[in-house]
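1. Build me a model from this:
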Amino acid sequence: MTGALSDIHRRLGALRDGQVADYIPQLALADPDDFGIALVSMTGHLYQAGKTDAPFTIQSMSKPFVYALALSDLGPQELLRRVGVEPSGDPFNAISLEPGTGRPANPMINAGAMVTTAAVRADSPAERFERVLALLSAFAGRPLDVDEGVYASEVATGDRNRALAYLMRSAGSLRADADETADTYFRQCSVRVTAADLAVMAATLANGGLNPVTGVQVVAEPITVRTLAVMATCGMYDGAGQWLSDVGLPAKSGVSGGLIAASPARFGVAVYSPPLNRSGNPVRAVAALGEMSERFGLHLMHRAGLRAATVTGTERLEHDGRSIGLVSAQGVLEFTETEALVRALQEVTPPAPGWVLLDLTAVSAVLPGPTAALASVLTDLGERGYHVAVVAQRSFVEAGEGHSRTWEVFSTLGDALAWCRTR
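-> The predicted structure is shown next:
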């Protein structure tokens, strides 16, 4: 991985397209030759190439993380009443508000981000920012701070954002004070990070909210699902459609030159390179992620490669003229895996009355949907007169609401077989 990142860094370092952002004076001081790529895996390992320890401000890359915080505070439906989730197709600082309500199109444009920031629960603007800073630090796995110079520059040049805040305040979509909201948002954007920090933050999103470096559950997994979905459709501004088509990863860019992307259950990646294209996205970063997606087959719509078989064994055992249908499985049971397991159960189930034995000792996890499906199948078998046993290291499958468990649970296959035979 380090070799691959170094190769991409070496070749794309020669790109000279794009312009460093200058509408915030402090950002114009960035070195256009700065370029770093960092990747953090689900095991917490960091791979990097180039200038990954150079500090810069997080800017709009803060938006998905603060959105996750507001989702945690208010819940999806209440937050949706305040800010939408539809791509705007407009630049990041556009006046993209819903007619009649003033609701911003999504939380990844400035208008939506300010409403999201204001939605974070707190008794004062200072407490609100402290909660935002604490959250960003938890995602990064270390204490972060504010670049006071960039913050002052944002305050001095932030009239358009203030105007957006006042416009939303007058329409009723912004419920907090307009000036206080804009100021908190300026400080949020001025938090200082490195590419390595951002890679950890992106990896935490990709890991269902669990920081793979610190082991801290920063936000709940369902929150990250919604956050990544909005990043996928809205995170790259008016270039979001092209990005999703070409690269196919949830991502978010910032005008300081950073870009984060998350490959769910695989890794988080961050690139820092100040020169931007017309959409406000870092030129080298877009090219780097495009190459990585193609090289490693990362596109969300890409067909996954071959996996180890879920069903590791099917057998019909005979004992004293009775039959025991045995099915063994391994890995994580998602939709496709559970379908294969249920079909295998159907094939080995003997005529009633009989015994069915499901060996899940090598299964590491079962998703909620498959859990309900398996419970339904096992309940049905029990109600049809079968004796059913499940072997697992922990109880993956429980009876559904309104049903009592019709199967026995064992921790070893030997105990389950002995129970079948003695009955």
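2. What is the distance between the helix or strand hosting Asp7 and the centre of its chain?
-> Element membership of Asp7, judged by DSSP states H and E, is helix 2-12. Centroid displacement of helix 2-12 relative to its chain, using Cα atoms, centre = their mean, to the nearest Å, is 25 Å.
3. Check which residues of that helix are buried.
-> Residues of helix 2-12 classed as buried by neighbour count (16 or more other Cβ atoms under 10 Å): Ala4, Leu5, Ile8, His9, Leu12. For glycine as for every other residue, the C-beta is placed from the backbone atoms N, C-alpha and C.
4. Please name the nearest non-neighbouring residue to the first one.
-> When the adjacent residues along the chain are set aside, Ala4 lies closest to Arg295, with 6.8 Å between them (Cβ to Cβ, 6 or more residues apart in numbering).
5. In terms of secondary structure, what does whatever helix or strand comes next after the helix holding Asp7 contact?
-> Using DSSP H and E, the helix or strand that follows helix 2-12 in sequence is strand 36-41. Identification of packing neighbours for strand 36-41 by 3 or more Cβ pairs under 8 Å, 6 or more residues apart in numbering; DSSP states H and E yields helix 2-12, strand 46-50, helix 195-206, strand 267-272.
6. Can you tell me the strand partners of strand 36-41 and which way each runs?
-> strand 46-50 (antiparallel), strand 267-272 (antiparallel) (DSSP bridges).
7. right, and the helix or strand after the shortest one?
-> When you say that, I think you mean strand 46-50. Defined by DSSP H and E, the subsequent element after strand 46-50 is strand 56-57.
8. list the helices and strands the helix or strand just after that next one packs on?
-> Sequence order places helix 63-74 as the next helix or strand after strand 56-57, per DSSP H and E. When contacts are defined as 3+ Cβ pairs under 8 Å, 6+ apart, helix 63-74 sits against helix 110-119, helix 125-140, helix 195-206, helix 221-234.
9. and Gly280, which of the ones you listed is closest to it?
-> For those, proximity to Gly280 was assessed by Cβ to Cβ; helix 110-119 is nearest, at 10.9 Å.
10. what's the spacing between that closest one and its chain's center?
-> 20 Å.
11. Please list the residues outside that helix that contact it.
-> 60, 62-63, 66-67, 70, 73-74, 79, 82-84, 92-97, 103-107, 128, 132, 160-161, 164-165, 168, 173-176, 181-182, 184-185, 188 (Cβ atoms under 8 Å, 6 or more residues apart in numbering).
12. Likewise for stretch 215-224?
-> 68-69, 71-72, 135, 138-139, 141, 204-206, 208-211.
13. List the buried residues of it.
-> Val218, Val219, Ile223, Thr224.
14. One more: stretch 177-195?
-> 178, 181-195.
15. what pLDDT, on average, does that stretch get?
-> Throughout stretch 177-195, pLDDT has a mean value of 97.
16. got the CA coordinates for it in CSV?
-> Extracted as CSV, the C-alpha positions of stretch 177-195 are listed here (Å, rounded to 0.1, in the frame of the first residue of the first chain):
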residue,chain,number,x,y,z
ASP,A,177,-29.0,33.9,16.1
ALA,A,178,-27.5,34.6,12.6
ASP,A,179,-24.3,36.3,13.7
GLU,A,180,-23.6,33.7,16.5
THR,A,181,-24.2,30.8,14.0
ALA,A,182,-21.9,32.3,11.4
ASP,A,183,-19.2,32.9,14.0
THR,A,184,-19.4,29.3,15.3
TYR,A,185,-19.2,28.1,11.7
PHE,A,186,-16.1,30.2,11.0
ARG,A,187,-14.4,28.6,14.1
GLN,A,188,-15.5,25.1,13.0
CYS,A,189,-13.9,25.6,9.6
SER,A,190,-10.7,27.0,11.2
VAL,A,191,-9.9,23.8,13.2
ARG,A,192,-6.4,22.7,12.3
VAL,A,193,-5.7,19.1,11.0
THR,A,194,-3.2,17.2,8.9
ALA,A,195,-3.8,14.7,6.1
